[in-house]
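[1] Provided below are the primary sequence and the corresponding predicted coordinates.
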Amino acid sequence: MASLRRVYFSCKLPANPEILTRNHRGKPWSFVRLVENGKAVYFPLTKSGSSFRRPSAKWYGQFSDANGEIQRVPLTANKTAAQ
């Protein structure tokens, strides 16, 4: 069965980042607060704390092929169109 997901990638922290600790699912997590297009956005830090994880702009379809290997196919940035 196919599923729809976003792929995350790591980005370096900007100079003088604002790092916050928030409760996420009952556990404290470290986030970086950035301002994009005049709005505050929060991204989780990696375990090392030297970079943060950002979701890709595109949605990806993930499925198992005939050999049982997991395949990821890039779709579109619009989630409803990707479904």
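    Noted; the coordinates are in hand.
[2] excluding its backbone neighbours, what's nearest Gln79?
    For the record, residue 79 is Lys, not Gln. Closest residue to Lys79 apart from its sequence neighbours, by Cβ to Cβ, 6 or more residues apart in numbering: Trp59 at 5.6 Å. C-beta here means a position set from N, CA and C on the backbone, and glycine is covered the same way.
[3] in the chain, which strand is the longest?
    The longest strand of the chain (DSSP state E) is strand 51-64.
[4] the residue nearest to Lys79: what's it in contact with?
    The neighbourhood of Trp59, defined by Cβ atoms under 8 Å, 6 or more residues apart in numbering, consists of Leu4, Arg5, Arg6, Leu75, Thr76, Ala77, Asn78, Lys79, Ala82.
[5] kindly reformat those residues as a markdown table containing neighbour count and distance to Ser48.
    Output for the contacts of Trp59, formatted as a markdown table (neighbours: other Cβ atoms under 10 Å; distance: Cβ to Cβ, whole Å):
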| residue | neighbour count | distance to Ser48 |
| --- | --- | --- |
| Leu4 | 12 | 29 |
| Arg5 | 13 | 24 |
| Arg6 | 12 | 22 |
| Leu75 | 15 | 31 |
| Thr76 | 12 | 32 |
| Ala77 | 11 | 29 |
| Asn78 | 10 | 33 |
| Lys79 | 11 | 30 |
| Ala82 | 15 | 32 |
